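Q: Kindly return the folded structure for what I paste below:
(one chain, ligands or ions: 1)
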Amino acid sequence: MKIAKNTVVTVDYILKDAQGDLIEESREPMVYLHGGYENTLPKIEEALEGQAVGFEGTIHVEPEDAFGDYDPNLVKIEPRNRLPTPLEVGMQFEGSPDTEDDDEPPMIFTVTDIADDKVVLDGNHPLAGIALRFTLKVRDVREATEEEIAHEHVHGPHGHHHDEDDSEEGDQFRSHPLH
Ligand SMILES: [Zn+2]
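A: Down below sits the predicted model:
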């Protein structure tokens with residue numbers, strides 16, 4: 001079966017930066033619904049369109065096609081006491097401690113530095129500004145179920161698991177590629 005709109009694709013990936021340094025290697029394959037549902041990067045879908053099990057390829061993705069350019073305006077310095085304890089570099093928080101604007105989508109801030117009574121929060125995606133190189137290997141292709149198409153994401157093993165309240169959180173790869 002070839003990868004086309006409304007197929008579920010299982011793919012192993014190795015993610016490197018443009019210098020060839022390893023960023024992430026999949027411990028479990030990525031499983032996504034193909035067809036422009038924003039389950040994965042459009043460039044990945046483009047590379048896999050029409051391919052089948054066994055396909056292997058490497059694609060280069062510029063920041064603007066991945067997680068955007070690095071925006072220095074998204075770096076904030078906050079008083080230490082506005083953040084929870086314990087606090088470590090690398091921790092992530094949703095939203096900003098000093099904004100209560102409900103109209104804005106929540107942003108993920110990463111603690112990048114802690115010094116005395118100040119904390120540096122970076123609202124850039126950890127991969128912002130980085131050109132990425134994905135090596136992809138297709139493991140499985142199957143037709144999506146009607147329910148998956150209606151929900152615009154994959155169900156079942158490695159896919160989306162609904163909570164009791166049936167909330168529609170996206171799969172983790174989209175928002176937290178670094179875990
Ligand atoms: Zn669902």
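
Q: In a strand, Asn81, correct?
A: No. Residue state for Asn81 (DSSP: H, G, I helix; E, B strand; the rest coil) corresponds to helix; a strand is not indicated.

Q: how far away is it from Ile114?
A: For Asn81, the distance to Ile114 (CB to CB, to the nearest Å) stands at 12 Å. Every residue, glycine included, has its C-beta placed from N, CA and C.

Q: The two: who's more crowded?
A: Per other CB atoms under 10 Å, whichever of Asn81 and Ile114 has more neighbours is Ile114, with 15 against 8.

Q: which parts of this structure sit against the ion?
A: Proximity of the chain to the ion, by CB under 5 Å from the ion, involves residues 151, 160.

Q: In the protein, which residue sits closest to the ion?
A: Proximity of the chain to the ion (CB to the ion) peaks at His151, 3.2 Å away.

Q: Report how many residues lie close to that residue.
A: Applying other CB under 10 Å, we find 18 residues neighbouring His151.

Q: right, and it touches His160 too?
A: Yes. Using CB atoms under 8 Å, His151 makes contact with His160 at a distance of 7.2 Å.

Q: For the protein, which segments count as strands?
A: Taking DSSP state E, the strands of the chain run over residues 7-17, 22-25, 30-33, 56-61, 75-79, 92-94, 108-115, 118-122, 132-143.

Q: Including mean pLDDT, could those strands go into a markdown table?
A: Formatted as a markdown table, those follow (pLDDT from 0 to 100):
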| stretch | mean pLDDT |
| --- | --- |
| strand 7-17 | 96 |
| strand 22-25 | 92 |
| strand 30-33 | 94 |
| strand 56-61 | 96 |
| strand 75-79 | 92 |
| strand 92-94 | 83 |
| strand 108-115 | 91 |
| strand 118-122 | 93 |
| strand 132-143 | 97 |
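
Q: In the chain, which residue sits furthest out from the middle?
A: Note on the chain: the largest C-alpha distance from the chain mean falls to Asp116, namely 32.0 Å (CA atoms, centre = their mean).

Q: tell me the pLDDT at it?
A: We have a pLDDT of 85 for Asp116.

Q: The closest residue to it other than its chain neighbours: neighbouring residues, count only.
A: Distances taken as CB to CB, 6 or more residues apart in numbering place Arg80 nearest to Asp116, at 7.4 Å, with adjacent residues excluded. Using other CB under 10 Å, Arg80 is surrounded by 13 other residues.
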